[in-house]
Each structure stands twice: as structure tokens, then as C-alpha cells.
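Trainee: This is a predicted model, with the sequence first.
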Amino acid sequence: MASPASAHPGVSYVMPVYNEAAYIDDAIESVLAQQYPGERELVVVLGPSTDGTTERVTERAAADERIRIVTNDALSIPLSLNLGIRAAAHDIIVRVDAHTELPTDYTLVGVATLLRTSAASVGGLMVATGRGRLQSAIARAYNSRLGLGGGAYHGGASEGPAESAYLGIMRREALLAVGLYDEGLKRGEDWELNQRLREAGHLVWLDPSLQVTYWPRDTWGKLARQFTATGIWRGELVRRLGARNSLRYFAPPALVLSSALSLALMALEVTGLVTGPVAWLLSVVYLGPVLYAVLLTTLLFVRATGERFADRATFAAVIAVMHYSWGAGFVRGVALGARDAVDRSRIES
């Protein structure tokens, strides 16, 4: 029989934080409220916040010895994660996002799964939620296969080996062995880390019983900037890893390119520069945007109980912003590389 120490090893929660005043208290509370008998600490890696987040975290750390603060003046999540992991006191790392809230049994279940499967990284499901019409529509898109392309941790998958892990309950030794997070990335760092873990022979595991509440961006501008940045860095990963990227990542850029070609062809037809059989042959580029427009129109008429037309219209618009922003970012990332692109959705409204 396992001893209490081996059954419940010490856990270090690592939380990168930057301009999260509206969410930070709930995120911290969800960590401190974990019903887990092993030793625990919360390592908060503070970025250069300007909205009062730093002061709030500092106040809470002064009142609770379980909270430790590490600072990072660079706007880099991978660097923040690596600083937190290196500073961690325990062998199990639980990545936490300041936009998330953990159920009280998250650590207990997650660590048990990690030990049961001998995995290096275990993740669960992202369950997005929102306040108000727009954020609720964005949350619905996150939870839909239509919105984010069917990643396993967005729902609908069964327990088993996975391509990546959302957030991650991870073995510190395995992370150190593969070189931690790639600090050259600004987005997509989880997927890339889990790719290297799998290539090194480690197991990455999905446990759908682990469900994390996630609060998405809450304005159109933040949503567009977030998805553009994510698309740029996915394009960068395609440049680096090529065929090791799933085919689903290529659907939004294909839509963006076919839409751009459709507009160009339409202009040539209107000006009479392209006519006749050539125009008919090239008109195949219209197929993608037309089918996509049909899809968005269909969403306006698929009504859930108690849902108003404005809710459906907002959801359809959110889907379009997600796909076109991500796809445009992807095209830029593949063509030019990510360079110094950052997600500015936490800086500007």
C-alpha cells in the first residue's frame, strides 16, 4: 500500500499573471481551496501589470505563507512558467491560468491520474463561461467544435493518451529533462512542450473528469487580438515542425486565402479583365466563402431553448472573428515568421 507521502506528493501551482485584476482573486481562491492532503504552494509569477494586479497579489502573499511571488518584467508566458517551475519546491507542477478557476478536487483527481498512468503530463477539459451576451457567446464558441476546431480538451473526448494537455499537471523531472517551455514562443507553448515530451517517450494523458472553468476575453478587440496572435504563433510552429501539425490547423488559413482570392477575382470580373471560360474556371475559389456564409447563416436559425436572435447573431459573429483572425495570423506567421508578435489582448480593450 502506498504511503501517504507517495500517494499525495507535494504540489507547486505555477500561475503567470499580467493585468488580471478582474479575475485574480477568484483564481487564487480556487487554488487555496483545493482539497488535497499533500503539501502545497502557489508560485505567482508577476508580469509588469498596470491595473492593480501586482498590489493585490502582494497583499494576498503577505497574508498567506502558501503564496510565493516571482517577478518577470518580460511579456512572455513561457519565460514566466519556466521561472516558476525553477523556483518550485515540489516535484509535481500544476499550471494555473489567472483566467481559470479549479474545482476543489482538481488536484486530488489530477495527481491520482498522473500516478495511475505514469504520465508526464495530465490535462482535463477547458469549460469556458462568460458574463453578458458577448463573453457568453465567446465561451460558447470555445466549448464548440466549430469554434476551436475540435481539440480534445475542449470537450467530447474520452480518457486516454492525448496530443496535448490543457494547463497540465506535470512531473517536474520530465519538464527539466526536455528543457522546460520554449522561451522563443509567445503562444502555443503548451502544445509544443507536450510534443517534445511525447517525442522523448513520455505519456501525455487526457482525463475528462478534470474540468477547469475558463473566462475568455470579453470584448471584440481583445478577441481579435488574442486569436490573431495565436494564429501567428501556430504559423511559426508550422514553419518549425511542418507535418507534425494537425490538419485542422490549416482550415482557417484556407478560408482566409480563398476569401482573399474571391475578392480579387470579383474585382477582375467587375472590371472586365477576366471573362468567359477563364472566369468560370477560376470561380471555384468562391466555394469556400460561400459555404462558410451558409454555415454562419444556418447558425442564425439554430435556436436553443430561451435563446434570442441577438444571441445567435453574436455567436455567429464571434465564430467569424475567431476563424478569420486566427487564419490571417496563421498566414502571416507562415509567410513571415512570428518575429516579436505578442498577444496584446490584456493590454488594450
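Mentor: Looks like it arrived, so ask away.

Trainee: Name the SS class of Ala137, please.
Mentor: helix (DSSP: H, G, I helix; E, B strand; the rest coil).

Trainee: can you count the residues close to the closest residue in space to Thr71 that isn't next to it in sequence?
Mentor: By the measure of C-beta to C-beta, 6 or more residues apart in numbering, the closest residue to Thr71 outside its immediate chain neighbours is Leu46, 5.2 Å from it. In short, each C-beta sits where N, CA and C put it, glycine included. By the measure other C-beta atoms under 10 Å, the count of residues near Leu46 is 20.

Trainee: and if you look at the one 5 residues further on?
Mentor: A count of nearby residues for Asp51, using other C-beta under 10 Å, gives 15.

Trainee: Surely it and Tyr18 touch.
Mentor: No: checked against C-beta atoms under 8 Å, the pair Asp51 and Tyr18 is beyond contact range at 9.3 Å.

Trainee: Where does the prediction get shaky in the stretch 51-200 of the chain?
Mentor: Counting by pLDDT under 70, the ranges of the stretch 51-200 of the chain that qualify are 149-157.

Trainee: Break down it into its strands, ranges please.
Mentor: For the stretch 51-200 of the chain, applying DSSP state E, counting those that start in this stretch gives strands covering 67-71, 92-95, 100-101, 121-128, 160-161, 169-171.

Trainee: Just want the phi and psi numbers for Leu255.
Mentor: When quoted as degrees, to the nearest 10, the phi and psi of Leu255 stand at phi -60, psi -40.

Trainee: same question but for Val321, I mixed them up
Mentor: Per degrees, to the nearest 10, the backbone of Val321 is at phi -60, psi -40.

Trainee: residues touching it, list them.
Mentor: By C-beta atoms under 8 Å, 6 or more residues apart in numbering, the contact set of Val321 is Trp220, Leu223, Ala224, Phe227.

Trainee: How much space separates the second one from Arg217?
Mentor: Noted for Leu223: a distance of 5 Å to Arg217, by C-beta to C-beta, to the nearest Å.

Trainee: residue furthest from the geometric center of this structure?
Mentor: Gly276 (46.7 Å; C-alpha atoms, centre = their mean).

Trainee: What pLDDT does the model give that one?
Mentor: We have a pLDDT of 86 for Gly276.

Trainee: quick one, phi psi at it?
Mentor: Main-chain torsions, Gly276, degrees, to the nearest 10: phi 60, psi -150.

Trainee: ok, it - contacts?
Mentor: Applying C-beta under 8 Å, 6+ apart to Gly276 gives no contacts.

Trainee: My read is that Arg40 contacts Ala33, right?
Mentor: No: if you go by C-beta under 8 Å, Arg40 and Ala33 don't touch, sitting 10.8 Å apart.

Trainee: So between the two, which is more surrounded?
Mentor: Per other C-beta under 10 Å, whichever of Arg40 and Ala33 has more neighbours is Arg40, with 20 against 12.

Trainee: now the nearest residue to Leu296 once chain neighbours are set aside: how far from Gly130?
Mentor: Distance criterion C-beta to C-beta, 6+ apart; nearest residue to Leu296, sequence neighbours excluded, is Ala316 at 4.7 Å. Separation of Ala316 from Gly130 (C-beta to C-beta): 16 Å.

Trainee: ok, now how distant is the residue farthest from the centre of the chain from Glu269?
Mentor: When Gly276 is compared with Glu269 (using C-beta to C-beta), they lie 10 Å apart.

Trainee: and if you look at Ala310?
Mentor: For Ala310, the distance to Glu269 (C-beta to C-beta) stands at 36 Å.

Trainee: likewise Asp25?
Mentor: Between Asp25 and Glu269 the computed distance is 57 Å (C-beta to C-beta).

Trainee: The residue nearest to Ala141 when sequence neighbours are not counted - how many residues pack around it?
Mentor: Among residues not flanking Ala141 along the chain, Gly147 sits closest, at 3.3 Å (C-beta to C-beta, 6+ apart). A count of nearby residues for Gly147, using other C-beta under 10 Å, gives 20.
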